[in-house]
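>>> any chance you could fold what I've pasted below:
(chains A, B and C)
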Amino acid sequence: MRSPEERIAELGLRIPDAPEPVAQYLPARRIGELLFISGQGPVRGGVPAFVGRVGKELTIQEGYEAAFICAMNSLAVAKQYLGRLCAVKEVVHLRGFVNSADDFFDQPKVIDGASDLFVKVFGDAGRHARAALGTSSLPGNIPVEIELVIRVSAGRCEC
Amino acid sequence: MRSPEERIAELGLRIPDAPEPVAQYLPARRIGELLFISGQGPVRGGVPAFVGRVGKELTIQEGYEAAFICAMNSLAVAKQYLGRLCAVKEVVHLRGFVNSADDFFDQPKVIDGASDLFVKVFGDAGRHARAALGTSSLPGNIPVEIELVIRVSAGRCEC
Amino acid sequence: MRSPEERIAELGLRIPDAPEPVAQYLPARRIGELLFISGQGPVRGGVPAFVGRVGKELTIQEGYEAAFICAMNSLAVAKQYLGRLCAVKEVVHLRGFVNSADDFFDQPKVIDGASDLFVKVFGDAGRHARAALGTSSLPGNIPVEIELVIRVSAGRCEC
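Prediction:
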């Protein structure tokens, strides 16, 4: 059985370095089996890969790609915290906020960019409860911000 | 002592079928005693019962009714997951987003439509921590979306 | 070692009375080690200390002060629930919503007003995972609303 890292490589992807917090907070906080990961934006190398509102400056497809990058950054934070992603037992909950034009109502299609990644990497264990919301502004005018809660194993990885 | 299903019947209500997820996610995910239920809108039979912003196209009362339907759908998901609602030990947390006109600031009165239902059905066990927020857009232009976390029993129902 | 209450006094601050819920909900709900605290606004003596949108009617600094008051109110709720704040083991997660002008994108600087307080009062145990979001409206037109999850001790305080 392949590790999450191997599946990510098979998808032609690379886990980036975990983004530095932009203010006074931790990348993640663990309590028992739950790991709470701080809100992540579509940042690459410290710079937003997308800026603007979906349905105005950006298309659904661009929003989807932004959500995908947010999800990769969440995985990067998880890996930084856990050492190896085989310690991820389940993706529990994903909340996605889409910086939306007033008449944009397809937030679920945008947030699928994050959900699809977790299912590709973790299979059924990557499936999660979710909320997709629209909003009128996000930090740095990023188009998407996601919050993630995962269940992690107490013991050693076996992969 | 009556079961939640009996109290729902006494209120003249009926638990609907659980809405199908509209995208790539699960209706609910359980971890230990916590059941995280995905964001629910005021959907009936697959179609939104209300569309539009509260304070613009919709009144507070219509928003309240929409929140009530969101809450019924959350119970439907819980029942689908748990089999019987007597497995619900407590409603832990409710977060409600109201699709709001720019000058609408009565979100708590809208979200009471969800909170009131949980108290009617579960009594004190239905009382919960809560956040009521306004936003500028929600999926499908629904007026309300709610997220629910409940505590569920490990063992068998006794009702 | 000083208690959180002593540190608060050293900072020249005073924990207010816990705000009454404005609608049908509890100030907080505990499940196991987790205490979920309901959304708090910048209310003092039952009245909002700040009203309006950050980046429009209010400056970043005013937003920061509003977030600070929200955080104090969250501590007031925790103290009301727990009796003494030494029962707080860790601040786990903070979510902050900023009622924002359409072109305001500095939500993290606003929410630092809450985060900074927790670090001052609890030291490293006050550091937390976080999400900072913008939105178009909040209850009563308050500029900031925060949600808090803390880890609490099962047993007696030792301070």
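
>>> point to the residue nearest the middle of chain A.
For chain A, residue A:71 is the residue whose C-alpha lies nearest the centre (Cα atoms, centre = their mean; 2.1 Å).

>>> isn't residue A:78 right next to residue A:91, touching?
No: using Cβ atoms under 8 Å, residue A:78 is not in contact with residue A:91, being 9.6 Å away. In this view, the C-beta of every residue, glycine as well, is placed from N, C-alpha and C.

>>> coming back round to it: what values do phi and psi take at the closest residue to the residue nearest to the centre of chain A other than its chain neighbours?
In space, and not counting its chain neighbours, residue A:71 is closest to residue A:114: 3.8 Å by Cβ to Cβ, 6 or more residues apart in numbering or on different chains. Backbone torsions for residue A:114, taken as degrees, to the nearest 10, come to phi -80, psi -50.

>>> correct me, but residue A:10 touches residue A:3?
No: in terms of Cβ under 8 Å, residue A:10 does not count as a neighbour of residue A:3; the distance is 10.6 Å.

>>> how close does the residue of chain A most remote from its centre get to chain B?
Most distant residue from the mean C-alpha position of chain A: residue A:103, 24.9 Å away (Cα atoms, centre = their mean). Distance, residue A:103 to chain B, by Cβ to the nearest Cβ, to the nearest Å: 8 Å.

>>> residue A:51 - how many residues pack around it?
Neighbourhood size, residue A:51 [other Cβ atoms under 10 Å in any protein chain shown]: 18.

>>> what are the buried residues along the lengthiest helix in chain A?
Using DSSP state H, we find that the single longest helix of chain A is helix A:60-82. Within helix A:60-82, the residues that count as buried by 16 or more other Cβ atoms under 10 Å in any protein chain shown are A:60, A:62-79, A:81-82.

>>> tell me which parts of chain A are close to chain C?
A:21-29, A:31-32, A:36-39, A:95, A:97, A:99, A:135-141, A:145, A:147 (Cβ under 8 Å from any Cβ of the partner chain).

>>> how does it look with 6 Å?
Residues of chain A lying close to chain C (Cβ under 6 Å from any Cβ of the partner chain) are A:22-26, A:28-29, A:31, A:36, A:38-39, A:97, A:135-141, A:147.

>>> circling back to that earlier point, who has more neighbours, residue A:10 and residue A:3?
Per other Cβ under 10 Å, whichever of residue A:10 and residue A:3 has more neighbours is residue A:3, with 15 against 11.

>>> how near is the nearest residue to residue A:49 once chain neighbours are set aside to residue B:157?
In this structure, residue A:49 finds its nearest non-sequential neighbour in residue A:42, 4.9 Å apart by Cβ to Cβ, 6+ apart. Per Cβ to Cβ, to the nearest Å, residue A:42 is found 45 Å from residue B:157.

>>> more neighbours: these two, which one.
Between residue A:42 and residue B:157, counting by other Cβ under 10 Å, residue A:42 is the more crowded of the two (27 against 13).

>>> so what's that one up against?
A:49-50, A:66, A:69-70, A:142, A:144 (Cβ atoms under 6 Å, 6 or more residues apart in numbering or on different chains).

>>> now the angle from the strand ranked longest in chain A to helix A:60-82?
Criterion DSSP state E: the longest strand present in chain A is strand A:88-99. Orientation check (axes from the mean of the first three to the mean of the last three Cα atoms, to 10 degrees): strand A:88-99 against helix A:60-82 gives 140 degrees.
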